[in-house]
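Asker: Below are the sequence and a predicted model; questions follow.
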Amino acid sequence: MKRIAVLTSGGDAPGMNAALRAVVRVGVSSGLEVIGVRQGYTGLIEGQLQPLGPRDVASIIHVGGTMLGSARCAEFRTPEGRKCALQVLEQNAIEGLVVIGGNGSLSGAHALSQAGYPVVGVASTIDNDLNGADITIGVDTALNTALEAIDRLKTTATSHQRAFVVEVMGRSHGYLALMVGIAGGADVIVIPEVESDPDNVAAALHDAYVRGKRHAMVVVAEGAKWNATALATYVTNHRDRIGFELRATILGHVQRGGGPGAFDRLLASRTAAQAVDLLAAGKSGVYTALVKGLISALPLERALVPKPPPDPELVRLAQRLAR
Ligand code: F6P
């Protein structure tokens, strides 16, 4: 193998640049030419390619987002789109591809691999919803960003004796909400995987008020049926039942932005380096991730399987800590 390409796809994540840097530098140190594909699979279909050398990825390890750009590409989900992408790879004598992204992006990588093309994925999404991975690139930084916001909200909440509903990202998986809820001392955590009742949330807030708390914090995942807007409307309409005045804050894309912390830089560097080594050694159809504490390779088809719900022990711990 002489020439490989790399792309970032789907929602960006802090640490993607560190992964790109590792792909380029490990690739070059193994004697490979590395081509960057701009704008994810969209750029692959359109042939948006740029050669990348070690100096092109200088000073990006600490920078958020992805220097190559990213996209969600509907066309790539069609056989015609993938055919175009394969033609671009062939026309440019690119013999293997590294895809850095979450489950949608790695499902795309799986489709390419099924077509016989050498591809290795690198697990990267702030949602931590990738089957098999302990924790993916971007999660730790996103957690710390959300945690800082919650800590800040607590000081203003305490000043005014208010309750806050804070919505964090997570379409179908409540990992971010559960973990930041525990770390941020939430009184209630609402995630898509666990049935929740707004009356119980109101009762928990009232209980906190009666116990004399100066603030109360509800952390909800965006994908939960009772997201921040729905819950805040419901609870505000029952103000007499909770005591606290309530405010809602949606953190949104703030959690995806900003530079990666040490954990994500290291995870990105290690998983991306392994992806290149595997590709160069002729392995394909896998993605690299932290699995049971070790940098490992899992079959790409695993990315198609939904991640199981969070550990019930963690859900129980969150409830026991909210006193
Ligand atoms: O990348 C994952 C994610 O941040 C989800 O948590 C969120 O639902 C989604 O992406 C938002 O996507 P977009 O940036 O396309 O609005």
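Answerer: Yep, it's here.
Asker: Contact partners for the residue nearest to the spatial centre of the chain?
Answerer: Centroid-nearest residue in the chain: Ile126, 1.7 Å away (criterion: CA atoms, centre = their mean). By CB atoms under 8 Å, 6 or more residues apart in numbering, the residues touching Ile126 are 11, 13-14, 136, 138-139, 141-142, 169, 176, 255-256. Quick note: C-beta positions are derived from backbone N, CA and C, even for glycine.
Asker: try it again with 7 Å
Answerer: Residues near Ile126 by CB atoms under 7 Å, 6 or more residues apart in numbering: 11, 13, 138-139, 142, 169, 176, 255-256.
Asker: Around the ligand, pick out the residues from this structure.
Answerer: 10-11, 72, 125-127, 169-171, 222, 256 (CB under 6 Å from any ligand atom).
Asker: now do 5 Å
Answerer: 11, 127, 169, 171 (CB under 5 Å from any ligand atom).
Asker: Redo those as a markdown table? Include distance to Ile61 and pLDDT.
Answerer: Formatted as a markdown table, the residues of the chain next to the ligand follow (distance: CB to CB, whole Å; pLDDT from 0 to 100):
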| residue | distance to Ile61 | pLDDT |
| --- | --- | --- |
| Gly11 | 20 | 97 |
| Asp127 | 23 | 97 |
| Met169 | 24 | 97 |
| Arg171 | 28 | 89 |
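Asker: that's a helix at Ile182, yeah?
Answerer: Yes: secondary structure of Ile182 (DSSP: H, G, I helix; E, B strand; the rest coil): part of a helix.
Asker: Quick check: it touching Ala318?
Answerer: Yes: taking contacts as CB atoms under 7 Å, Ile182 lies within contact range of Ala318: 5.1 Å.
Asker: Please say which of those two ends up with more neighbours.
Answerer: Comparing Ile182 with Ala318 by other CB atoms under 10 Å, the one with more neighbours is Ala318, at 23 against 17.
Asker: And for the helix or strand harbouring the more buried one, what's in contact with it?
Answerer: In this structure, Ala318 sits in helix 312-321 according to DSSP states H and E. With CB under 7 Å, 6+ apart as the test, helix 312-321 has contacts from 178, 181-182, 189, 194.
Asker: Report pLDDT for Gly138.
Answerer: Here the pLDDT value assigned to Gly138 is 98.
Asker: again, but for Thr158
Answerer: Looking at Thr158, its pLDDT reads 97.
Asker: repeat for Gly282
Answerer: pLDDT, Gly282: 97.
Asker: Then Gly121?
Answerer: In this model, Gly121 carries a pLDDT of 98.
Asker: which of the residues of the chain next to the ligand tops the neighbour count?
Answerer: That'd be Asp127 among these, by other CB under 10 Å, with 27 neighbours.
Asker: hang on, that residue in a strand?
Answerer: No: read with three-state DSSP, Asp127 is coil and lies in no strand.
Asker: Isn't it up against Gly174?
Answerer: No: applying CB under 7 Å as the test, Asp127 and Gly174 come out as separate, 9.6 Å apart.
Asker: tell me the contacts of the residue in the stretch 151-300 of the chain that the ligand sits nearest to?
Answerer: Residue nearest to the ligand within the stretch 151-300 of the chain (CB to the nearest ligand atom): Met169, separated by 3.4 Å. Contact analysis of Met169 by CB under 7 Å, 6+ apart lists 126-127, 176, 222, 255.
Asker: what's the answer for Ile295, then?
Answerer: So Ile295 contacts 270-271, 274, 288 (CB under 7 Å, 6+ apart).
Asker: and the two most separated of those residues?
Answerer: Greatest spatial distance in these: Arg270 and Thr288, 8.3 Å, computed using CB to CB.
Asker: neighbour-wise, which of those two wins?
Answerer: Just comparing Arg270 and Thr288: by other CB under 10 Å the higher neighbour count belongs to Thr288, 26 against 19.
Asker: Now do the SS call for that one.
Answerer: Going by three-state DSSP: Thr288 is strand.
Asker: Roughly how far does it sit from Arg316?
Answerer: 32 Å (CB to CB, to the nearest Å).
Asker: Over to Glu222?
Answerer: From Glu222 to Arg316 the distance is 23 Å (CB to CB).
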